[in-house]
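Undergrad: generate a structure from the sequence data that follows.
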Amino acid sequence: MATRLTKKAVATFESIKRVDEAGIEFWPSRDLAKSLDYADYRNFITVINKAKEACENSGQLISDHFGDITEMVPIGSGAARPLDTIKLSRYACYLTVQNADPGKTIVAQAQTYFAIQTRIAEVQQMEDYNRLSNEEEKRLFLRNELAKHNSQLADAAKNAGVIQPSDYAIFQNYGYQGLYGGLGAQEIHARKGLKKSQKILDHMGSTELAANLFRATQTEEKLRRENIKGKTKANQTHYEVGAKVRQTIKELGGTMPENLPAAQSIKSLETKKKKQLTASAKTEKK
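TA: Numbering: from 1, shown residues only. Below you'll find the model as predicted:
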């Protein structure tokens, strides 16, 4: 069962966040270590080193996310002594908690918190997405993103041992069941009142698409990062990630995805968009 992300945990991780002179947010490694109940900072450094390796393996520059600094720490009577610490970006925190002791409840909560917040930050930083002004445009953008990441998820699942199309359908169903409170693809289809020929993804609004996009991206990353092997483990991973996304939606007071209304077919929006582009092109030629 996925660990519930509590408001207290959210407040804890937000309280140790800082902003540097350039306006960039970061988390001091020593503060994060305390928040995660690491009494010996040296043990936490081992965790950070694993996170740095994961950062490099993901194609990111370590220096962009892990910055060595020295802080003056009060020791009483107005005196202070220098202590080495590390400025961790949000992504660095995400990688760090993924490599921390999973047996600690606060670590499990941190994994959910930083995973969700990292994905939110990524979407907010997408210039193309931020320029969108209406629901139709956001749906089209997110649907294209989801199609791209579903392809990457399929590749990660294949590497884990999900080879046959029938196995992949089962794998996808586990992800839906985690996110939709036990409902599989067929149940979601019926719950939304869709016809047999209509596809679930084509009738999701932007909120529901965003939840499924996060489910797909985080499952892909987890499969690759933990080098998960075997259909059973891959299916369980997909379910657990979906359940964590669901719990976060609940914690934030959002509407559960199965309760969101079915939207107009995105196919009609794609046709409308193509006609607009064609008309615009003709106008420019005149």
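
Undergrad: would you mind writing the CA trace of the strand or helix carrying residue 240 as PDB?
TA: Using DSSP states H and E, residue 240 maps to helix 231-251. Taking Å, rounded to 0.1, in the frame of the first residue of the first chain, the C-alpha atoms of helix 231-251 are listed here in PDB:
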ATOM      1  CA  LYS A 231       6.300  -8.900 -15.300                       C
ATOM      2  CA  THR A 232       5.000  -9.200 -11.800                       C
ATOM      3  CA  LYS A 233       7.300  -6.600 -10.300                       C
ATOM      4  CA  ALA A 234       6.700  -4.300 -13.300                       C
ATOM      5  CA  ASN A 235       2.900  -4.600 -12.800                       C
ATOM      6  CA  GLN A 236       3.200  -3.900  -9.100                       C
ATOM      7  CA  THR A 237       5.400  -0.900  -9.700                       C
ATOM      8  CA  HIS A 238       2.900   0.600 -12.100                       C
ATOM      9  CA  TYR A 239       0.100   0.100  -9.600                       C
ATOM     10  CA  GLU A 240       2.000   1.600  -6.700                       C
ATOM     11  CA  VAL A 241       2.900   4.700  -8.700                       C
ATOM     12  CA  GLY A 242      -0.700   5.100  -9.800                       C
ATOM     13  CA  ALA A 243      -1.800   4.800  -6.200                       C
ATOM     14  CA  LYS A 244       0.700   7.500  -5.100                       C
ATOM     15  CA  VAL A 245      -0.600   9.900  -7.700                       C
ATOM     16  CA  ARG A 246      -4.100   9.200  -6.500                       C
ATOM     17  CA  GLN A 247      -3.300   9.800  -2.900                       C
ATOM     18  CA  THR A 248      -1.700  13.100  -3.700                       C
ATOM     19  CA  ILE A 249      -4.800  14.200  -5.600                       C
ATOM     20  CA  LYS A 250      -6.800  13.300  -2.600                       C
ATOM     21  CA  GLU A 251      -4.400  15.200  -0.200                       C
END
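
Undergrad: what residues does it touch?
TA: Residues from elsewhere that reach helix 231-251 (C-beta atoms under 8 Å, 6 or more residues apart in numbering): 1-7, 10, 112, 115-116, 157, 160-162, 167, 170-172, 174-181, 211, 214-215, 218-219, 222-223, 226, 228, 255-257. From N, CA and C alone the C-beta is placed, and that goes for glycine too.

Undergrad: repeat the analysis, applying 7 Å as the threshold.
TA: Applying C-beta atoms under 7 Å, 6 or more residues apart in numbering, the contact partners of helix 231-251 are 2, 4-5, 112, 116, 157, 160-162, 167, 170-171, 174-179, 181, 211, 214-215, 218-219, 222-223, 228, 256.

Undergrad: got the buried residues for that helix?
TA: Under the neighbour-count criterion of 16 or more other C-beta atoms under 10 Å, helix 231-251 has 231, 234-235, 237-249, 251 buried.

Undergrad: looking at the protein, which helix is longest?
TA: When the chain is parsed with DSSP state H, its longest helix is helix 135-160.

Undergrad: mind checking what helix or strand follows that one in sequence?
TA: Note on helix 135-160: by DSSP H and E, the next helix or strand toward the C-terminus is helix 165-179.

Undergrad: got the angle between that following helix and helix 135-160?
TA: Put simply, helix 165-179 runs at 120 degrees to helix 135-160, going by axes from the mean of the first three to the mean of the last three C-alpha atoms, to 10 degrees.
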